[in-house]
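K.L.:
Compute the structure for the input listed below.
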Amino acid sequence: MENKKYKVIGKSSYEGTSKTGQRYTLYTYEIDYAGAKVRVKAFDDVARIGDYLEIGVGVRKTVFGNELTAVITKVHPTPKKSEKNKKGEI
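P.N.:
Numbering: from 1, shown residues only. Reported below is the predicted structural model:
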């Protein structure tokens, strides 16, 4: 299966505490998937709005057994405005 790039159009986060008392942050990235807004969740703060994500399939352990889930495999950051200007672009 080929990984495709999808644009990040939204980002939100949720902070919580696990049963063992460990703090965590869950990030929800909204991506443009063929014109529809689709959510991908991750524990890493890896992307900003405007970046492109490669999405693959991974396995997640749950209390009900293993499940297939969407996984961020690579981030393609959007070039900063200063980098565009150095290349002669507007």
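
K.L.:
What are the buried residues along stretch 20-28?
P.N.:
For stretch 20-28, a neighbour-count test (16 or more other CB atoms under 10 Å) marks Tyr27 as buried. No exception for glycine: its C-beta is placed from N, CA and C like everyone else's.

K.L.:
Tell me how far it lies from the chain's centre.
P.N.:
Taking CA atoms, centre = their mean, to the nearest Å, the mean C-alpha location of stretch 20-28 is offset from the chain mean by 16 Å.

K.L.:
cool, stretch 15-30 as well?
P.N.:
Using CA atoms, centre = their mean, the offset of stretch 15-30 from its chain centre is 15 Å.

K.L.:
Same question for stretch 29-46.
P.N.:
Centroid separation between stretch 29-46 and its chain, computed with CA atoms, centre = their mean, is 5 Å.

K.L.:
Tell me which residues of that stretch come out buried.
P.N.:
Tyr29, Glu30, Ile31, Val40.

K.L.:
Can you measure across that stretch, start residue to end residue?
P.N.:
10 Å (CA to CA, to the nearest Å).
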